[in-house]
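J.: Just the structure for this:
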Amino acid sequence: MMTSPSLPDPIDRKPAARPGGAVAFVAREDVVAALRVAPDQALLGALECHVAALDDPVADGWVAGASALVIEVASDSPASLARVEQLRQRYPQLPVIAALGSTDIALTRALLRLGVSDFARLPVEPAELAGQLAELANGQTGDSAAVPLAPLVVVAGATGGCGATTILTHLAAALAQRPDPARRICVIDLDLQAGEVAYYLGQVPRVTVSALLDAGDRLDAELLQGALTDSGHGFSIIAAPETIMPLDTVDQDRLLELLRLVRSTFDVVLVDLPNDWSNWSLSLALAADQLVVVTDLTVAGLRQTRRRLDLFASLGIRAERIRVVANRVAHGLFKSIDLKDAAGALGCEIDATITDGDGDMSEAQNEGRLLTDLHRHGRFAGDIARLAQLLVLEGR
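T.: This is a model prediction of the structure:
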C-alpha cells in the first residue's frame, strides 16, 4: 500500500466498496495500456477501464453502479483534483482511490480532505491494488481507525542567526504551559547542519532524527519513543544529528512518514527548518498549518523575508497561514528600522514582535536554560506568550 505523507482528517468511517459492481478505473491511455498487459492483472477481477486525459470529466455512466473508483490524479493538473472533488460531491458514498505517479504532500493533503479512501502507485501493481480493493470491500482503509491530524507549526529564519531557534524553543515551552487541556508537544529539529534545540535547553540527546530517517520500514511508535529527548520544559524533542548531514541526502518519503508518525502521537508538532530551502523543506512548508518566518529588522533580514514570502506565494501557500515575526526589536531611542517601514518593505503586516533579550539570552543559553526561566514576567516572556496565543489553533 502506498505510504501517505499525512493522516486523514478525523472522519468516522470512509465509504466501503459496494458489493456486486465493477471497479471503475479512469486514467490516461498509457496508464490503462500498461495495466492491461500487466502479468497479474487478472487479480483485479471485474475492472472497467476508461481512458481519459487528466482534465477530462468523468462520465456518470462510468461510475453508476460501480463498487469503487480508481482515478489518476497529478500535482501538475489542478483539473484532475477538481474532478475528484466533483465526484465526491455527486457520489459521496462511492469509495475513491487516487492513483498518483509521485508523492506530493500538498496534493495528498487535498485529496485526504476530499475524503479519498486510499492511494495507489503508478504504474499500478495489480496485486497491491487488489489488496486495497479487498480492504474497501471489508469496510476498511489503510488506517483502520481514523486518527486526527495534529497541527503542524513550521518555524524558519529569514537569515542565519536571526533567532528562529530561540523563538521556537521559547514558543514550545509557552504552548506547553498554556492552561488548555493537556497537550503533548514535540519539537523536531530538522536544521540538519546547525541544529541546537536540545543543547539550548541543556539536554544531550541519545538518539537523533538521523536514526529515525535511516530506520526505513523499522520506523514505529516504539522506535520513536526511544528517540525522544525530554526538554525539561513540558515538551519532547527529536534532536538534530550530531554530525553535519547534507540536505540533499534526505529521503522525502521517509521524512514524511516520520512526520505522519509524530503527528499521530502528539497533539502539536513544531519543526525547526534550516535556512537553505530544499524540496523536502518546501514540502513541510506546504504541509504546515502555521508557517512562522522569523526576521530581524535589518535591511538584509527584511529583503530575505520578502524573497521567502514571494517563494511561498508562488507555491500557493495562503497568506493567512504565514506569520511574520520580528525578533530583537529594540525599544526606546536606539530602535532599528521602524515597524511601519518594515511592513511596507515586506508588503504585509508583521504579526508579532519579540523584544531584544540583550546579553541575558546568551547567558541563559550558555546555562542550557530559557530566558523565561530567568525573567518569567519580563517583556520578552510577554511577547512569547502573545505569539503562542496567536498560534493556538482552536478546536485542534
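
J.: Which residue ranges of the stretch 251-396 of the chain form helices?
T.: Taking DSSP state H, counting those that start in this stretch as the test, the helices found in the stretch 251-396 of the chain are 252-265, 279-287, 299-314, 339-346, 358-366, 371-374, 379-391.

J.: ignore the last one, the stretch 51-200 of the chain
T.: For the stretch 51-200 of the chain, the helices defined by DSSP H, counting those that start in this stretch cover 60-63, 78-90, 105-114, 126-137, 164-176, 197-200.

J.: Output those in TSV, with mean pLDDT, mean neighbour count and distance to G382 appended to each entry.
T.: No exception for glycine: its C-beta is placed from N, CA and C like everyone else's. Formatted as TSV, the helices of the stretch 51-200 of the chain follow (pLDDT from 0 to 100; neighbours: other C-beta atoms under 10 Å; distance: least, C-beta to C-beta, whole Å):
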stretch	mean pLDDT	mean neighbour count	distance to G382
helix 60-63	87	15	57
helix 78-90	89	16	43
helix 105-114	80	20	35
helix 126-137	85	18	52
helix 164-176	94	25	10
helix 197-200	94	22	20
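
J.: Nearest residue to the middle of this protein?
T.: A287 (3.2 Å; C-alpha atoms, centre = their mean).

J.: Could you grab the helix/strand/coil label for V26?
T.: Secondary structure state of V26, per DSSP: H, G, I helix; E, B strand; the rest coil, is strand.

J.: Confirm for me that it is in contact with W62.
T.: Yes: judged on C-beta atoms under 8 Å, V26 makes contact with W62 at a distance of 6.6 Å.

J.: Quickly list what's touching both of those two.
T.: Here V26 and W62 have H50 as joint contacts, going by C-beta atoms under 8 Å, 6 or more residues apart in numbering.

J.: circling back: out of the helices of the stretch 251-396 of the chain, nearest to V154?
T.: helix 279-287 (5.5 Å; C-beta to C-beta).

J.: Now do T265 against D272, distance only.
T.: Using C-beta to C-beta, to the nearest Å, one gets 18 Å for the distance from T265 to D272.

J.: which of the two has more neighbours?
T.: When neighbours are counted by other C-beta atoms under 10 Å, T265 and D272 differ, and D272 comes out ahead with 25 against 17.

J.: Tell me the bridge partners for the more buried one.
T.: For D272, the beta-bridge partners are V155, D189 (DSSP bridges).

J.: Return the residues in contact with it.
T.: Contacts for D272 (C-beta under 8 Å, 6+ apart) come out as 155, 164-165, 168, 187-191, 195, 197, 240.

J.: that older thread, the helices of the stretch 251-396 of the chain into a markdown table, with extra columns for mean pLDDT and distance to V207?
T.: Converted to a markdown table, the helices of the stretch 251-396 of the chain look like this (pLDDT from 0 to 100; distance: least, C-beta to C-beta, whole Å):
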| stretch | mean pLDDT | distance to V207 |
| --- | --- | --- |
| helix 252-265 | 88 | 13 |
| helix 279-287 | 87 | 21 |
| helix 299-314 | 92 | 31 |
| helix 339-346 | 90 | 39 |
| helix 358-366 | 79 | 23 |
| helix 371-374 | 86 | 26 |
| helix 379-391 | 91 | 28 |
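
J.: Rebuild the ones you listed as CSV, extending it with distance to I322.
T.: Listed next are those as CSV, based on distance: least, C-beta to C-beta, whole Å:
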stretch, distance to I322
helix 252-265, 19
helix 279-287, 9
helix 299-314, 6
helix 339-346, 11
helix 358-366, 25
helix 371-374, 25
helix 379-391, 12
